[in-house]
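Peer 1: Quick check, what structure comes out for this input:
(one chain, ligands or ions: 1)
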Amino acid sequence: MTIKKIFKDFEKIKDKTIIIIGAGGLGCVVADLLSRMNIDFTIVDDDIVDDNNLERQILFNENDLLKKKVFVIKEKLREFSNIDAIGKRLDEKNIKTIINDADLVIDCTDNVQARIIINGYCIKNNIPWIYSGAVSNIGTIYFIKDNACYECINKDKDGETSCEIGVMNSIVAIIGAWTVNIALQYLIEGKTEEDMIRINLKNNELMKIKTKKDPKCKVCGEIKKEKKRKSSQNCFSMNH
Ligand SMILES: [Zn+2]
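Peer 2: Residues are numbered from 1 along each chain as shown. Here you go, the predicted structure:
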């Protein structure tokens with residue numbers, strides 16, 4: 001495989017557990033690219049293929065209408081890699097079983113609620129995740145590990161989704177492909193991207209945006225406080 005010429009330690013990725021949440025436009029691109037590099041992963045979504053999807057959800061065609069997306073993806077990519085397809089909607093109850101102690105979670109959903117759930121679980125369990133989103137002709141990729149979490153940066157709790165205002169298939173392809181690159185860099189080389197990447201195809205703009213941790217963040221802020229509290233308690237008991 002050519003990829004081994006680019007990433008010398010490519011085989012390292014074979015031991016990693018990767019979970020893709022969402023099997024829409026972004027999920028199709030991410031799944032397709034990972035699978036063609038013989039990378040195994042789990043993909044989670046309860047949605048079925050609709051004819052409005054075909055323009056940007058590149059793994060589906062008319063024969064797949066009304067079938068569950070994750071099972072279509074598993075079947076179409078089976079010659080390339082092993083895919084664990086979970087036909088459920090991720091929620092607070094099943095997230096522990098689904099994500100467990102994955103090495104990386106890739107968010108390919110188009111809704112804020114799902115991201116809030118992923119962020120809460122991943123921050124608490126110290127699992128890095130990539131927030132990957134595309135709406136209209138704007139796309140965002142943000143790798144979250146020790147930097148500002150989704151809660152720190154997301155002030156727009158009810159952001160518009162691609163279902164509501166549409167999305168260009170070209171931005172979906174770009175964001176999906178770039179997300180895969182960020183995932184490979186992290187899983188193979190341990191490289192992390194601290195900044196948020198934003199692409200605006202309307203103006204042909206690419207931005208790297210600095211983010212800032214909110215010390216009062218209810219997700220990553222409290223954990224920090226709790227750790228501090230625990231360590232001060234330890235000091236206290238050691239002194240006695
Ligand atoms: Zn936070």
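
Peer 1: other SSEs contacting the helix or strand containing Met207?
Peer 2: Per DSSP states H and E: Met207 is located in strand 205-209. Under the contact criterion of 3 or more Cβ pairs under 8 Å, 6 or more residues apart in numbering; DSSP states H and E, strand 205-209 touches strand 196-200. All C-beta spots, glycine's among them, are computed from the backbone N, C-alpha and C.

Peer 1: For the residue nearest to Leu184 when sequence neighbours are not counted, list the residues it contacts.
Peer 2: Distances taken as Cβ to Cβ, 6 or more residues apart in numbering put Phe7 closest to Leu184, at 6.2 Å, once the chain neighbours are dropped. Applying Cβ atoms under 8 Å, 6 or more residues apart in numbering, we find Phe7 in contact with Leu184, Ile188, Glu189.

Peer 1: can you do 10 Å?
Peer 2: For Phe7, the contacting residues are Met1, Ile13, Met37, Leu184, Gln185, Leu187, Ile188, Glu189, by Cβ atoms under 10 Å, 6 or more residues apart in numbering.

Peer 1: What distance do you get for it to the ion?
Peer 2: 31 Å (Cβ to the ion, to the nearest Å).

Peer 1: What pLDDT is listed against Glu164?
Peer 2: Glu164 carries a pLDDT score of 72 in this model.

Peer 1: Also Asn239?
Peer 2: Model confidence at Asn239, expressed as pLDDT, equals 38.

Peer 1: again with Cys235
Peer 2: Predicted confidence (pLDDT) for Cys235: 39.

Peer 1: Bridged to Val44, which residues?
Peer 2: Ile21, Ile86 (DSSP bridges).
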